[in-house]
Each structure stands twice: as C-alpha cells, then as structure tokens.
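here is a sequence with its predicted model. Questions after.
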Amino acid sequence: MNITLLLSYALTVLLLIATPGPVVALVVDTAARAGRRQAVATALGTNGASLVLIAVAAAVILTSVVVDPRWLAALSLVGCLFIAYLAMGSLRQGRQDDAARPATRGARGGWWQGFAVGLSNPKDILFFVAFFPQFIQVSTHAGHSLLLLSLVWVVIDVAILGLYIFMTQRLIASRHHHLIRLTSGGLLLVIAVAGLFYNLDALRS
C-alpha cells in the first residue's frame, strides 16, 4: 500500500469536504433549527448519497461506461430547485421567533432530506470519475483501491460534518441560531441560483 499517496488523498478529501457547500449549509442549518439528533440524521443521509454517487463512479471507472453530461445537467436542475426550496424554508424560519416556529420533523425526515440534497448534483459522478484515478495506485488492485478510497471518504465526511454539528450546538449560543439559519439559507439559495445558471448553460451548449 502506498501510504504517502493515501495521506495525500485524505488531506485533499479533508479540504474538499470542509469547504462550505450545500451539504455543510444544510447540516449546520438543521443543527441550529432542529437539534443534534436530526442534524446527525441529515449528515448520515448526505453520506448515503455520497456512497451512491461513488458507487456509480466506480462502476464507470471499472467498466468504462460513458456518462452523458447533458443528462446529468438536467438532473442537476431538479436538484437546484430542491435546494432553492430548502433555502427559502430556512430563510423563512430564520426570521421567526423560536416560540413561533412550527414543530420540526423527526430524524427520519432529516435523513431523507440529507440524502436528497446529497444527490442534488449528480455531476459529482464526473468529479469522482476524474478524481479517483489520480489515487488508484494506492494499492495494486483497482477494486481494492476504490474500496479503500471510498471508506476514507466516508470516514472523513462523517467526521467533518460531525464537527460542524458540534460547533453549532456547543460553541455557538442558541440565541444566535437564527442567524445561522439565515446565513445557511442564504448560502443554499446562492448555490441553487448559481447551479441553475450553470446547468442551463450546459444544456444550451
């Protein structure tokens, strides 16, 4: 096993996942809005979505199947609309007083919401197809390498999102949670709008 290559991969994944995006924004928003339990469920849902996308990417790598970018762009448009819907809900709730907010859904709803957001950009398949081969030499067998790279991704993903949940719950006063919801909702909305323009342009090209 190439330990140096594996450590390089782990560091790259750490930086990628820690960078705020729709998943981080959703998990932080859920932690501020509904508490640790539902935030953890949401994080596990996004992690499950990552596994699905990684599995598809691994199949593409091992079988050399060609994926149509236009098809992925069309699916991404649907995902952007869903993220925009979540963003508007987060912004709306962020303006409400804690006492006036409706009761939040259980952990099951958090998991499915996280899973849906995780799948909202199927173009991640193309990212994984381009990313994993750079580290495929981590072992002498391609299948074993892909499995190891996937496991490392999952472990780092869960750890980073767990850290975001901890920071939101323990290090930020509850009176500031509405500001977190507004910030997270705004970030989700920006990501959704940018994604809509990007994917519409991809479909026209």
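Yep, it's here. Numbers count the residues shown, from 1 in each chain.

pLDDT below threshold where in this structure?
Within the chain, the set of residues satisfying pLDDT under 70 comprises 64-67, 72, 75, 90, 93-109, 122-123, 171-178, 180-181, 205.

residue nearest the centroid of it?
For the chain, the residue lying nearest the average C-alpha position, counting by C-alpha atoms, centre = their mean, turns out to be Val23 (3.4 Å).

quickly find the element holding that residue.
Secondary-structure element containing Val23, defined by DSSP states H and E: helix 22-34.

what helices or strands is that helix leaning on?
With contacts defined as 3 or more C-beta pairs under 8 Å, 6 or more residues apart in numbering; DSSP states H and E, helix 22-34 has these neighbours: helix 36-63, helix 69-94, helix 107-118, helix 142-166, helix 177-204. From N, CA and C alone the C-beta is placed, and that goes for glycine too.

ok, which of the ones you listed comes nearest Met1?
With distances scored as C-beta to C-beta, the stretch of the helices and strands packed on helix 22-34 nearest to Met1 is helix 142-166 (8.1 Å).

ok, now which ones touch the nearest residue to Ala116 once chain neighbours are set aside?
For Ala116, the nearest residue in space outside its immediate sequence neighbours is Phe82; the separation is 6.1 Å by C-beta to C-beta, 6 or more residues apart in numbering. Shown here is Phe82, whose contacts under the criterion C-beta atoms under 8 Å, 6 or more residues apart in numbering are Ala116, Val117, Ser120.

from what I see, Arg70 and Leu200 are in contact.
No - using C-beta atoms under 8 Å, Arg70 is not in contact with Leu200, being 11.5 Å away.

nearest residue to Val152 other than its sequence neighbours?
Ranked by C-beta to C-beta, 6+ apart and with sequence neighbours excluded, the top spatial neighbour of Val152 is Ala10, at 5.6 Å.

okay, Tyr9 and Ile61: tell me how far apart.
Plainly put, Tyr9 is 15 Å away from Ile61 if you go by C-beta to C-beta, to the nearest Å.

more neighbours: which of those two?
The residue with the greater number of neighbours, taking Tyr9 and Ile61 and applying other C-beta atoms under 10 Å, is Tyr9; the counts read 22 against 19.

name the nearest residue to that one, sequence neighbours excluded.
Closest residue in space to Tyr9, ignoring its immediate chain neighbours: Phe135 at 4.4 Å, by C-beta to C-beta, 6+ apart.

from memory the one you found sits against Thr4, does it?
No - the criterion here is C-beta under 8 Å, and Phe135 misses it with Thr4 at 10.8 Å.

so the two - more neighbours on which side?
Phe135 (21 against 9).

what's near enough to touch that one?
Residues near Phe135 by C-beta under 8 Å, 6+ apart: Leu5, Leu6, Ser8, Tyr9, Ser145, Leu149.

which two in those residues are spaced the farthest apart?
Farthest apart among the contacts of Phe135 by C-beta to C-beta are Ser8 and Ser145. That separation is 13.6 Å.

which one of those two has more residues nearby?
More neighbours sit around Ser145 than around the other of Ser8 and Ser145, counting by other C-beta under 10 Å; the figures are 24 against 14.

picking up where we left off before, now, among the contacts of Phe135, which is nearest to Ile125?
The closest of the contacts of Phe135, once distances to Ile125 are taken by C-beta to C-beta, is Leu149, at 14.8 Å.
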